[in-house]
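> quick one: sequence and predicted model below, then my questions.
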Amino acid sequence: MAALLDTLYAEGALSALDFHFAVSMGRIANEVNPDVLLAAALLSRQLGRGHVCLELDTLGPVALGLHGDTLTLPDSGAWIAAIRTSPLVSSGEDIAPLVIDSDNRLYLYRFWQHEQRVADYIKRAARSSGVVVDDETLLSGLNRFFPVDTSGASEGADFQRIAAVVAAQKKLCVISGGPGTGKTFTVVKILALLIEQALHAELPAPTITLVAPTGKAAARLVESIRASKAGLECSDVVRSAIPETASTLHRCLGSIGGSSTKFRHNQHHRLATDIMLVDEASMVDLGMMRRLVDALPEDARLILIGDMDQLASVDAGAILGDICNSGGKRGFSPSFQTRISKFAGSSSEGRPDEGVLAEADIGDCVVRLQKSYRFGSGSGIAVLATAINSGDSQAALAAIEKYPELSLVPSAPVGKLSTELRNSVIEGYGEYLQPATASEHLKRFDGYRVLCVRRTGSYGVGALNEMIEAALRQRGLLESQGPDDNYEGRPVMITANNYQLGLFNGDIGLVLRKDGRLRAHFLGVDGSLRTFSPGRLGRHDSVFAMSVHKSQGSEFRKVAIVLPETMNPIMTREVIYTAVTRAKESVEIHGSPEILARTIAERRVRSSGLRAALWGPAFTTGC
């Protein structure tokens, strides 16, 4: 089997990190069994691809990304038996580098512990019966914020109202919805309802904490909160208790020394909050979610909002998809359905199969918003996003042909911009480069963006940034490059947290002249303008083009998506869906119809045990 480990490494199925991780683990525990070392290497490979664990029962050549039948894995039964008896492995009761659970999932001990803590918290929160609600006050608020349509014109249940009923009665509320479904609009009203409940009980208004995974997402959350609460039909006392500040998760938890794993707030030093609202929850990885729930007070409410169909976090886990049970049966338990009906009329989210019940009725805490108020059912972007989500490449290509706001354009030869993409970037970026105030420049820059599937390679972020910059300079829209690669109009993205300046990974700014000097301008979470010397920014890149992953939490009027010329493992329908739904007005895709169709057909489900822990053993993820 040592030969198999070497062969997988030589063929590129294992990275140097995977290979040497296994060798190091063997050396630490004096483990020489090649079957166990192979499992350790494959686990490292899975973690590098965003999976939480290695599902030994479902492994095969396809899961390894291999072609042909020249390589075979060990016999499943003997392999698992060898792993279970290894000094490297425990069942979790004892501390060991690796853990194997009863369903033959292999974990690093740290990730197994993360998953256990998150699952335990969610089940406790779902079971919690300590929420006291005044029905009359709740119904009054619901009728003001979510009036019942008595005209008969509305179709189906009002899921925004249903989400509010769930949030009022549960310590945990998870709201998923695509772009334009009114997630933040709904949550502002939920916060008002919860404040009214406290005031009715003659209690102080609850302390509310707003967070998001990135600075950009936090800024958008604040902008949406401010816009939505202004028109609320409530007292000034209630309105003023809804905060207008948000922070990143790292800042909220109090990163120690810039660490991404050590925080001031934890299970021994809890946050001082009554309601924790997390926006863009699909971007939160398993480790960060564990650290967040550890830091929450026992009686605090947790509200998660996001789009479960978007790309999962960069790091391991697919928290929102697992909690929402994306792709599986879900709905309210019969007893809670009765409670929902009392306040919201009816719900189409009742369980379709009463024999399939989530442990602790997680389904009672989950609501999916389905109606898009941004696009409407006849919008080309909405139709395309729906087709992508269902894996229907034929319907997606038909939508692109039908709707004028959608286009599919062949890419140019490697190393060049096509005429269409060149014209697109000149028009798209030309507006922000016209004379304006710094704040206006920044707002205009968010009107258009080029999105890439990959960071490297001929059609990656780096190559496209260089070509776009050259095209804009050739057109006379940009000046020559100055010292330290800076020039007026250069868009920059922070790529490593800078706690000293309060700039975080993913923050975007513009280099502009101020008093004759080049300064980097950023909009703060509160909307204020912040300026820095470009030399102080730390790690940053130009950002005419950005990866789809980095675009999460952002919204642009127009988007140009550039596909590679060949398939690779990260090209999945989740990537295309996320890219398409960043746009409000138009989407142009640069690539071949064949590559687009194959990408839409490809679905990546991350391996973890969280979904099964929450929803029961019938729900598994697979590799």
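Now that the structure is in, tell me what you want to look at.
> residues of stretch 108-118 that come out buried?
The neighbour-count criterion (16 or more other C-beta atoms under 10 Å) identifies 108, 109, 111, 112, 113, 114, 115, 116, 117, 118 as the buried residues of stretch 108-118. The C-beta positions use only the backbone N, C-alpha and C, and glycine is treated the same way.
> please identify the helix or strand for residue 341.
Assigning secondary structure by DSSP states H and E places residue 341 in helix 334-344.
> against which helices or strands is the helix or strand following that helix packed?
Beyond helix 334-344 on the C-terminal side, the first helix or strand identified by DSSP H and E is strand 366-369. Here strand 366-369 is seen to pack against helix 159-169, strand 172-177, helix 319-324 when contacts are counted using 3 or more C-beta pairs under 8 Å, 6 or more residues apart in numbering; DSSP states H and E.
> parallel or antiparallel, list what pairs with strand 366-369.
Partners of strand 366-369 in the sheet, by DSSP bridges, are strand 172-177 (parallel).
> what sits against the closest residue to residue 485 other than its chain neighbours?
Leaving aside its sequence neighbours, residue 485 sits nearest to residue 542 (C-beta to C-beta, 6 or more residues apart in numbering; 8.0 Å). Taking C-beta atoms under 8 Å, 6 or more residues apart in numbering as the criterion, residue 542 is in contact with 465, 469, 485, 490, 491, 492, 493.
> worst-scoring helix or strand of the chain, pLDDT-wise?
For the chain, scoring each helix and strand by mean pLDDT, DSSP states H and E identifies helix 61-64 as the least confident one, at a mean of 62.
> just for the stretch 251-400 of the chain, where's the confidence low?
Low-confidence segments of the stretch 251-400 of the chain, defined by pLDDT under 70: 326-331, 345-360, 374-377.
> quick one on the thing from earlier: please name the bridge partners of the residue nearest to residue 485.
Per DSSP bridges, the residues bridged to residue 542 are residue 492.
> for it, give its distance to residue 466.
Applying C-beta to C-beta, to the nearest Å, the value for residue 542 to residue 466 is 8 Å.
> hey, C-alpha coordinates of stretch 208-221 in PDB?
Below are the C-alpha coordinates for stretch 208-221, written out as PDB (Å, rounded to 0.1, in the frame of the first residue of the first chain):
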ATOM      1  CA  ILE A 208     -28.400  43.300  19.300                       C
ATOM      2  CA  THR A 209     -25.100  42.400  17.600                       C
ATOM      3  CA  LEU A 210     -24.800  42.500  13.800                       C
ATOM      4  CA  VAL A 211     -22.000  40.700  12.200                       C
ATOM      5  CA  ALA A 212     -20.900  39.400   8.800                       C
ATOM      6  CA  PRO A 213     -17.900  37.300   7.600                       C
ATOM      7  CA  THR A 214     -16.300  40.200   5.700                       C
ATOM      8  CA  GLY A 215     -16.100  44.000   6.000                       C
ATOM      9  CA  LYS A 216     -17.800  44.400   2.600                       C
ATOM     10  CA  ALA A 217     -20.700  42.200   3.800                       C
ATOM     11  CA  ALA A 218     -20.900  44.100   7.100                       C
ATOM     12  CA  ALA A 219     -21.100  47.400   5.300                       C
ATOM     13  CA  ARG A 220     -23.900  46.200   3.000                       C
ATOM     14  CA  LEU A 221     -25.800  44.900   6.000                       C
END
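> contact partners of it?
Judged by C-beta under 8 Å, 6+ apart, the contacts made with stretch 208-221 from elsewhere in the structure are 184, 191, 222, 225, 241-243, 245-249, 252, 271, 273-280, 283-284, 288, 313, 503-508, 523-525, 527, 552-555.
> any of the residues you listed buried? List them.
Buried residues within those, defined by neighbour count using 16+ other C-beta under 10 Å: 184, 191, 222, 225, 241-243, 246-249, 252, 271, 273-280, 283-284, 288, 313, 503-508, 523, 525, 552-555.
> which ones among the residues you listed are found in strands?
247, 248, 275, 276, 277, 278, 508, 523 (DSSP state E).
> which of those residues sit farthest apart?
Across those, no pair lies farther apart than 275 and 508, at 29.0 Å, counting by C-beta to C-beta.
> which outside residues touch stretch 365-374?
Outside of stretch 365-374, the residues that reach it under the criterion C-beta under 8 Å, 6+ apart are 125-126, 156, 159-160, 162-163, 166, 170, 172-183, 186, 308, 323-325, 330, 349, 379, 382, 584.
> select only the buried ones of those in PyMOL?
Here is the PyMOL selection string for the buried members of these, based on 16+ other C-beta under 10 Å:
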select buried, resi 125+126+159+160+162+163+166+170+172+173+174+175+176+177+178+179+180+181+182+183+186+308+323+324+325+330+349+379+382+584
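> list the residues that contact residue 293.
Counting by C-beta under 8 Å, 6+ apart, residue 293 has contacts 117, 118, 121, 122, 302.
> which one of the residues you listed is nearest to residue 458?
Taking C-beta to C-beta as the measure, residue 118 is the one of the contacts of residue 293 closest to residue 458, at 39.3 Å.
> rebuild the contacts of residue 293 as CSV, extending it with secondary structure and distance to residue 389.
CSV is the format used below for those (DSSP: H, G, I helix; E, B strand; the rest coil; distance: C-beta to C-beta, whole Å):
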residue, secondary structure, distance to residue 389
117, helix, 31
118, helix, 25
121, helix, 29
122, helix, 25
302, strand, 26
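> dump the residues you listed into TSV; add distance to residue 29 as well.
Rendered in TSV, the data for the contacts of residue 293 read as follows (distance: C-beta to C-beta, whole Å):
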residue	distance to residue 29
117	25
118	27
121	31
122	33
302	38
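> about what we covered before: adding distance to residue 410, write the helices and strands packed on strand 366-369 out as CSV.
Converted to CSV, the helices and strands packed on strand 366-369 look like this (distance: least, C-beta to C-beta, whole Å):
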stretch, distance to residue 410
helix 159-169, 40
strand 172-177, 34
helix 319-324, 33
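> out of the ones you listed, nearest to residue 577?
For the helices and strands packed on strand 366-369, the distance to residue 577 is smallest for helix 319-324, at 12.5 Å, taking C-beta to C-beta.
> distance between the closest one and the chain's centre?
Its chain's average C-alpha position is 10 Å from that of helix 319-324, according to C-alpha atoms, centre = their mean, to the nearest Å.
> next: stretch 13-21.
Relative to where its chain is centred, stretch 13-21 has its mean C-alpha point 27 Å off (C-alpha atoms, centre = their mean).
> do the same with stretch 251-264
20 Å.
> now for it, what's the gap between its first and last residues?
Length of stretch 251-264, first residue to last, C-alpha to C-alpha, to the nearest Å: 10 Å.
> I'd say residue 278 and residue 249 touch.
Yes: at 7.4 Å, residue 278 and residue 249 qualify as touching, with contact defined as C-beta atoms under 8 Å.
> fine by me, we can end here.
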